[in-house]
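*Asks:* Curious how this folds, go ahead:
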Amino acid sequence: MSDFRLGNMATDLVEFTLTICSKDESGKPRFPTRLYDSYVKRISDLSLDVIQSIFIANAVRDDPEKRKKIRESIIGNCGAMAKLVFLAYKKGWISDKQNTAWQKKINSIYFVVLRWK
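*Replies:* Purely as a prediction, here's the structure:
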């Protein structure tokens, strides 16, 4: 049951990330155009890496060493993503509300995965 919840949390993170990383309601890019192929792509890739790793880790429950490595990867990706999102807020590319919502989604996954055995 917990794994299903975590998968849903990761899906929500990807959905939110893709929404924020696209254009705003008026059709204007949120981020500087020159950063879409690097910085913004990296944020999106991190969210996709998190969801993929969660499902891979759940598929290798019988291999504790492999699961531990995947766990560490998810924790690292969440940490990196949180910092990149905060930088977007600091630069004024996203609002305080968007930053808070995004950080909550990232941190929720981080703390659940941190408790994995």
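*Asks:* in this structure, what spans have low per-residue confidence?
*Replies:* Within the chain, the set of residues satisfying pLDDT under 70 comprises 1-3.
*Asks:* tell me which strands and helices the biggest helix by length in the chain is in contact with?
*Replies:* Once the chain is assigned using DSSP state H, the helix that runs over the most residues is helix 64-90. On a contact count with 3 or more C-beta pairs under 8 Å, 6 or more residues apart in numbering; DSSP states H and E, helix 64-90 meets helix 39-59, helix 96-114. No exception for glycine: its C-beta is placed from N, CA and C like everyone else's.
*Asks:* quick one, the last one and helix 39-59 angle?
*Replies:* Spelled out, that is helix 96-114. For the pair helix 96-114 and helix 39-59, the angle between their directions (axes from the mean of the first three to the mean of the last three C-alpha atoms, to 10 degrees) equals 30 degrees.
*Asks:* Packing partners of helix 96-114?
*Replies:* Counting contacts by 3+ C-beta pairs under 8 Å, 6+ apart, helix 96-114 is packed against helix 2-21, helix 39-59, helix 64-90.
*Asks:* right, and those helices - which one's nearest residue 27?
*Replies:* Residue 27 lies closest to helix 2-21 among these, at 13.7 Å (C-beta to C-beta).
*Asks:* which residues sit in contact with the most centrally placed residue in the chain?
*Replies:* Centre of the chain computed as the mean C-alpha position; nearest residue by C-alpha atoms, centre = their mean is residue 47, 3.5 Å away. Neighbouring residues of residue 47 by C-beta atoms under 8 Å, 6 or more residues apart in numbering: 10, 13, 14, 17, 18, 81.
*Asks:* Are any of these buried, and if so which?
*Replies:* Buried members of the contacts of residue 47, counted by 16 or more other C-beta atoms under 10 Å: 10, 13, 14, 17, 81.
*Asks:* The last one contacts residue 109, doesn't it?
*Replies:* Translated: residue 81. No - under the criterion of C-beta atoms under 8 Å, residue 81 is not in contact with residue 109, lying 9.5 Å apart.
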